[in-house]
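> for reference, the sequence and a predicted model appear below.
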Amino acid sequence: MAAKEGKSEDWFANLDKELDKKTVDAMKSEDEHSSLKDDLNRTLVSDFWKILLRFEKINIHFSMEPSHTQFAQFERYPFEWSLKDNFDYGSVTQLLLMDRTREQGRVGDTLRARYYKDKEAVHLRLSFEYCEGEHYYKYSGWKRIYGQFVLFDSPVKKMDTEQFHAILADVVRVWYDSHLKRDREVILSYLKANYEKGESYTQ
């Protein structure tokens, strides 16, 4: 009986060591991802806020997540600002820049950067999402149908920030032009012609 107990203990001791190693490896991986996200999100938060301010100059109002009250400190609101040091940038899993313009059905047109995990690698996806219309559902009533275009998708570890910024500038340039021309179709037609269509969803 004692011999059997010894074998059982050896078996569990080996399993325990293996699980300890998995825990340590997972924590190291999580710390590495958090550090990468921290650096990258500092850049993304700045990028999105600068875009918002650029549109603000032509009286086009956007909202942003995370809110500027979380990440920005101001010398003079809103144009003289710097990033707060005490904000946890690594905890941000998505950033949104949402158009609040009521004309031409633009409310909800959104630039979204979000992180997701695929085969153990953390990816960053940048997409442009827009309302395609509304549909009545028997049990839940009217819902808005959203479409999206995938602008950029890359593992964070292999991220090419120059390519990311080139695509971001490309889309923002056309988005801005569509506002100047007061024609939403300018941005939507451009996205249809140049970027992959993602999945639609209701909200």
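Happy to help now that I have it. Residues are numbered from 1 along each chain as shown.
> longest strand of this protein?
In the chain, with assignment by DSSP state E, the single longest strand is strand 121-137.
> what's it packed up against?
Other elements packing on strand 121-137 under the criterion 3 or more CB pairs under 8 Å, 6 or more residues apart in numbering; DSSP states H and E are helix 2-56, strand 110-118, strand 141-155, helix 161-180, helix 185-194. Just so you know, the C-beta spots here come from the backbone N, C-alpha and C atoms, and that holds for glycine as well.
> could you redo these as CSV and give each row distance to K84 and mean pLDDT?
As requested, the helices and strands packed on strand 121-137 are exported to CSV (distance: least, CB to CB, whole Å; pLDDT from 0 to 100):
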stretch, distance to K84, mean pLDDT
helix 2-56, 10, 80
strand 110-118, 19, 96
strand 141-155, 26, 90
helix 161-180, 22, 97
helix 185-194, 32, 97
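> wait, which of the ones you listed is closest to F71?
Counting by CB to CB, F71 lies closest to helix 2-56 out of the helices and strands packed on strand 121-137; the figure is 5.2 Å.
> any buried residues in the helix or strand just after that closest one, and which?
For helix 2-56, the following helix or strand on the C-terminal side (DSSP states H and E) is strand 62-65. Neighbour-count burial for strand 62-65, with 16 or more other CB atoms under 10 Å as criterion, is recorded at 62, 64.
> and if you look at stretch 81-93?
Neighbour-count burial for stretch 81-93 flags 81, 87, 89-90, 92 (criterion: 16+ other CB under 10 Å).
> from these, pick the one nearest D10.
D10 lies nearest to G90 out of those, by CB to CB, at 40.3 Å.
> so what's that closest one scoring on pLDDT?
pLDDT recorded at G90 is 93.
> stretch 57-74: which residues count as buried?
Under the neighbour-count criterion of 16+ other CB under 10 Å, stretch 57-74 has 60, 62, 64, 66, 68, 71-72 buried.
> identify the farthest-apart pair in those.
Spanning the widest gap among these are I60 and F71, at 21.3 Å by CB to CB.
> coming back round to it: could you dump the helices and strands packed on strand 121-137 to TSV with distance to E129 and mean neighbour count?
Converted to TSV, those look like this (distance: least, CB to CB, whole Å; neighbours: other CB atoms under 10 Å):
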stretch	distance to E129	mean neighbour count
helix 2-56	14	13
strand 110-118	5	16
strand 141-155	4	16
helix 161-180	12	15
helix 185-194	10	16
